[in-house]
Structure formats: structure tokens, C-alpha cells
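Participant: predicted coordinates and the sequence they were generated for:
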Amino acid sequence: MTEDADLGQFCCEELAEAVSPDPTASLIEHDSGLILLNLGEREEEGETGVLLATIHFCPFCGTEIQTDEDIEAALGSVEETFN
């Protein structure tokens, strides 16, 4: 990720504007620090939830924003919270 102070952790202005903490947004910044793509709602066994996918590259400029290691570390900390 870029070190640009004006954009914070984001690689470009478009990504900074698109990412939201709102779980219904298209691009979500999770509490773990991951940026996730909202694929929509899914219903299973009478429960409705949001289907999220990790992304590696910025959809606007193509910069790698998350590595496999970043994702594994963030998911590991989330899993530890639930154990």
C-alpha cells in the first residue's frame, strides 16, 4: 500500500472514496484492516448474510493492496476472536 499521507492506506483517490465501513457498500474496510468486495446477500438455512471476497489488487489502478500474507494474518486474528 502507498505511504501517501493524503490517502492514508489507499493507493489511489478512487479507492479511498469507494471504501466504506458500511457493510452494505460495494467495497468494505473490515475491522481487521482487510478491504473486501461485497458480492451481495446470501440466504442459507433461513439466515441471510453478506457474501464477502478478499481482493489483492485495486480495481481502479491495479496496485497490489493486500498480499496473501496480509489476508492470512487478518483472517487469523478474526478466527482467534471466535475461538
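Facilitator: Sure, I can see it.
Participant: what residue is smack in the middle of this structure?
Facilitator: I35 (1.6 Å; Cα atoms, centre = their mean).
Participant: so that residue sits against I65, correct?
Facilitator: Yes: at 6.2 Å, I35 counts as touching I65 under the criterion of Cβ atoms under 8 Å. In this view, the C-beta of every residue, glycine as well, is placed from N, C-alpha and C.
Participant: can you give me the strands in the protein?
Facilitator: Using DSSP state E, the strands found in the chain span residues 19-20, 27-29, 35-44, 47-54.
Participant: export the ones you listed to JSON lines and tack on distance to C61 and mean pLDDT?
Facilitator: Output for the strands of the chain, formatted as JSON lines (distance: least, Cβ to Cβ, whole Å; pLDDT from 0 to 100):
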{"stretch": "strand 19-20", "distance to C61": "13", "mean pLDDT": "93"}
{"stretch": "strand 27-29", "distance to C61": "13", "mean pLDDT": "93"}
{"stretch": "strand 35-44", "distance to C61": "13", "mean pLDDT": "92"}
{"stretch": "strand 47-54", "distance to C61": "18", "mean pLDDT": "90"}
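Participant: could those be laid out in TSV, adding distance to I71?
Facilitator: Output for these, formatted as TSV (distance: least, Cβ to Cβ, whole Å):
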stretch	distance to I71
strand 19-20	16
strand 27-29	14
strand 35-44	10
strand 47-54	5
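Participant: among those strands, which comes closest to E72?
Facilitator: strand 47-54 (9.9 Å; Cβ to Cβ).
Participant: just checking: what are the partner strands of the closest one?
Facilitator: Strand 47-54 has the following sheet partners, assigned by DSSP bridges: strand 35-44 (antiparallel).
Participant: now the strand it pairs with: buried residues?
Facilitator: Residues of strand 35-44 classed as buried: I35, L36, N38 (neighbour count, 16 or more other Cβ atoms under 10 Å).
Participant: same check on stretch 56-73?
Facilitator: Of the residues in stretch 56-73, C58, F60, I65, Q66, D70, I71 count as buried by neighbour count, 16+ other Cβ under 10 Å.
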